[in-house]
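In: Here's my sequence, what's the structure:
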Amino acid sequence: MPIKCEKFQSNMSRCNCTYEPCERKGNCCACLHYHLAQNQLPACAFSDEAEKTWDRSFANFTKDKSKK
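Out: The predicted structure follows:
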């Protein structure tokens with residue numbers, strides 16, 4: 001059963017995911033479950049620049065955060 005999201009609209013205003021066919025945009029719970037199952041992090045964990053690479057790996061997260 002899909003996870004329903006009660007804060008969909010407010011989540012959409014903060015979602016920086018650039019993957020357009022994504023069916024999980026605005027549904028943070030579903031997004032997090034999906035990416036963690038893939039050993040990844042969701043787009044919101046990355047800077048806008050790093051997110052555009054679509055590399056959601058933990059290694060890319062560490063690389064992105066060390067740039068600050």
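In: I figured residue 32 was touching residue 40, is that so?
Out: No: checked against C-beta atoms under 8 Å, the pair residue 32 and residue 40 is beyond contact range at 10.0 Å. In this view, the C-beta of every residue, glycine as well, is placed from N, C-alpha and C.
In: Look up how far residue 34 lies from residue 4.
Out: 15 Å (C-beta to C-beta, to the nearest Å).
In: now swap in residue 25 and tell me
Out: Residue 25 is 11 Å from residue 34, by C-beta to C-beta.
In: so where is the protein shaky, pLDDT-wise?
Out: For the chain, the stretches with pLDDT under 70 are 1-3, 68.
In: residue ranges for the helices of it, please.
Out: 8-14, 28-37, 48-51, 58-66 (DSSP state H).
In: quick one: contacts for residue 61?
Out: Residue 61 sits next to 41, 45, 46, 50 when contact means C-beta atoms under 8 Å, 6 or more residues apart in numbering.
In: got it, and residue 54?
Out: Neighbours of residue 54 in contact, by C-beta under 8 Å, 6+ apart: 18, 19.
In: before we move on, the earlier item: would you format the contacts of residue 61 as TSV with neighbour count and distance to residue 65 included?
Out: Converted to TSV, the contacts of residue 61 look like this (neighbours: other C-beta atoms under 10 Å; distance: C-beta to C-beta, whole Å):
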residue	neighbour count	distance to residue 65
41	18	11
45	18	9
46	22	9
50	18	9
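In: Among those residues, which one lies nearest to residue 10?
Out: Residue 10 lies nearest to residue 45 out of those, by C-beta to C-beta, at 18.2 Å.
In: could you measure the spatially closest residue to residue 18 that is not a sequence neighbour against residue 9, distance?
Out: Excluding the flanking residues, the one nearest residue 18 by C-beta to C-beta, 6 or more residues apart in numbering is residue 52, at 5.7 Å. Separation of residue 52 from residue 9 (C-beta to C-beta): 24 Å.
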